[in-house]
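Colleague: just need the structure, nothing else, for what follows:
(one chain, ligands or ions: 3)
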Amino acid sequence: MLAAFLPLALSTYRFKKDSSVKKSLKVFVKTYGCQMNERDSEMISSQLQRAGHELIDNEKVADVVILNTCSVREQAEIKALGKAGYLVRRKRTNPNFKIGIVGCMAENLGEKLFKLNGVIDFVIGPKRLHELANILEGNRKNLSIGNPKRQPLSHDFDRKLETNKCTAFLSIMHGCNMRCSYCVVPRTRGNEQYRPMEDIVEEAKFLAENGIKEITLLGQIVNNYGGRLMPVINGKTPFVQLLERLDILPGIKRIRYMSPHPKNFSDDLILAHKTLSKLCPSVHLPIQSGSNRILVAMRRPYTAERILTIVKKLRRVVPNVGISTDIIVGYPGETEEDFAETVSLFDTAKFNMAFIFKYSPREGTRSAELVDDVEESEKERRNQILLQRVQEASLYYHQRFLGKTEEVLVEGHARRGTDTMFGWTPNHCKVLFKASENDIGKILSIQIDGSTTTILSGTIAENA
Ligand code: SAH
Ligand code: SF4
Ligand code: F3S
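Modeller: Ligands and ions are numbered 1, 2, ... in the order given. The predicted structure follows:
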């Protein structure tokens, strides 16, 4: 498999101008949504550059603006639609200016986007992004959603690395086979598809050879990698087998993954946090609710008790492990008692960070058929209660690092033009400190002397 694939893959790494391009265009890509969209935006940027176009940072001088969109909550769609509406003015003064909507909202709303906004030029779903450069060549309105006839393997590899970048996202799979009642993602990204392990390892090697120190493996249920299609070997799931292969790659110093599902949080993965030296002591474990009744309604196949077991086992293996979560408040029928159970689970599990979302009904999902019966003001009240808890928990977690020396991967300038740099600890705490541009990509020992709810600060340790 690899032998046939490699030459193709390598050629996509190199910036190779395609002389067949009719006209080189200045393209601006704006990304909404999750890390997968960020990675998709990198892929499309690389694809367009190879086709001879110029990717620019200044939206105002762009010939083409591409909005890579998200549909997970109504607000995410409103934001992108607002932006598209705003861009329409540019079309009036420059008829050659093009607006494209790609990504999850493109898949979700499809043809409707042409009707909502008469001046959209193309709409491309996440599974058809490899068609973008060709579509840009044409002059007709283009709708490309649904499953492609053939997904070129090289597409996943497509990336052009920026200089001074030391972290990278690496998609290991696409789509999701779960059908959580509230979630639009299976509709926008389709069923699970796993990239071959060899290809992922090759891509990680390429990243390491090009200065990347930290990789974050991406998947909607990243720990379901391989599903039933790849075998469990010696009690190790395909995801853990992959982690083991990545852990021995020279150059890669840190490995993270996003997002695991509690249902697949098997003991071999917990143990991997002890045995694999590069696997970071930080886990994002989305619970959504602490009420078993609501979890059943959401079609999330675990209980609050199971979450506590995972957390307990993880802490036994990695004492200071950072554990963050996602919570939805105001799901249809969520009572005060249900909410109290969520708060209680948040407290008992001692999560140190959480993203709190107010339930947003999404057309086409199961829960959209239910009455959205928790008032907006009540959703907001529950949101605020949890946000307060999150702040306290985050400060409490941060304070344990005061006076300690932490290994920080330097990522860049915290403020442009200053010597205040930022980086992350293995536990995924952000740190500010004074250092130089030359330190980007290095792991420095930082003596932590300050902490707030959101950030740590410190100085380079004397003996570093
Ligand atoms: N695959 C991940 C979640 C991806 S979506 C998982 O299963 O954990 C990211 C987060 O958005 C979810 O964890 C959930 O908390 C939130 N979310 C998804 N659909 C939502 C909706 N309809 N309303 C509010 N929040 C939602
Ligand atoms: Fe959505 Fe559930 Fe799949 Fe996560 S696991 S992407 S919440 S359907
Ligand atoms: Fe991500 Fe939003 Fe799509 S969360 S998968 S960009 S719907």
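Colleague: show me what from the stretch 151-300 of the chain comes close to ligand 1.
Modeller: 182, 183, 185, 220, 221, 259, 261, 286, 288 (CB under 6 Å from any ligand atom). Every residue, glycine included, has its C-beta placed from N, CA and C.
Colleague: for the closest residue to ligand 3 within the stretch 301-450 of the chain, give me its contacts.
Modeller: Relative to ligand 3, the nearest point of the stretch 301-450 of the chain is residue 362 (9.0 Å; CB to the nearest ligand atom). Counting by CB atoms under 8 Å, 6 or more residues apart in numbering, residue 362 makes contact with 71, 72, 73, 74, 182, 183, 184, 368.
Colleague: what sits against the fifth one?
Modeller: Right, the one you point to is residue 182. 298, 328, 331, 359, 361, 362, 365, 366, 367.
Colleague: how confident was the prediction at the residue in the stretch 51-200 of the chain positioned nearest to ligand 1?
Modeller: Nearest to ligand 1, among the residues of the stretch 51-200 of the chain, is residue 182, at 4.0 Å (CB to the nearest ligand atom). Confidence at residue 182, expressed as pLDDT, is 98.
Colleague: for it, which three-state class applies?
Modeller: Under DSSP: H, G, I helix; E, B strand; the rest coil, the three-state class of residue 182 is coil.
Colleague: got the domain boundaries for the chain?
Modeller: 11-144, 161-280, 282-397, 405-460 (automatic domain parsing).
Colleague: strands along the stretch 151-300 of the chain, start to end?
Modeller: In the stretch 151-300 of the chain, the strands defined using DSSP state E, counting those that start in this stretch lie at 167-171, 173-174, 193-194, 214-218, 254-258, 282-284.
Colleague: need the nearest residue in space to residue 30, chain neighbours excluded.
Modeller: Once flanking residues are discounted, residue 30 sits nearest to residue 67: 5.3 Å by CB to CB, 6 or more residues apart in numbering.
Colleague: in a strand, the one you found, correct?
Modeller: Yes - according to three-state DSSP, residue 67 belongs to a strand.
Colleague: just the buried positions in stretch 307-326, please.
Modeller: 307, 310, 311, 313, 314, 318, 321, 322, 323, 324, 325 (16 or more other CB atoms under 10 Å).
Colleague: mind listing what the first one touches?
Modeller: It stands for residue 307. Counting by CB under 8 Å, 6+ apart, residue 307 has contacts 262, 285, 287, 290, 345, 349.
Colleague: which one of those sits closest to residue 247?
Modeller: For these, the minimum distance to residue 247 (CB to CB) is 20.7 Å, reached by residue 285.
Colleague: and the residue nearest to residue 30, how far from residue 89?
Modeller: Note on residue 67: its distance to residue 89, by CB to CB, to the nearest Å, is 15 Å.
Colleague: show me which residues of the chain sit near ligand 2.
Modeller: Close to ligand 2, as judged by CB under 6 Å from any ligand atom, the chain has residues 176, 178, 179, 180, 183, 185, 186, 220, 221, 261.
Colleague: which among those count as buried?
Modeller: Applying a neighbour-count criterion of 16+ other CB under 10 Å, the buried members of these are 176, 178, 180, 183, 185, 186, 220, 221, 261.
Colleague: can you name the next helix or strand after the helix or strand where residue 77 lies?
Modeller: Under the criterion of DSSP states H and E, residue 77 resides in helix 74-93. Using DSSP H and E, the helix or strand that follows helix 74-93 in sequence is strand 98-103.
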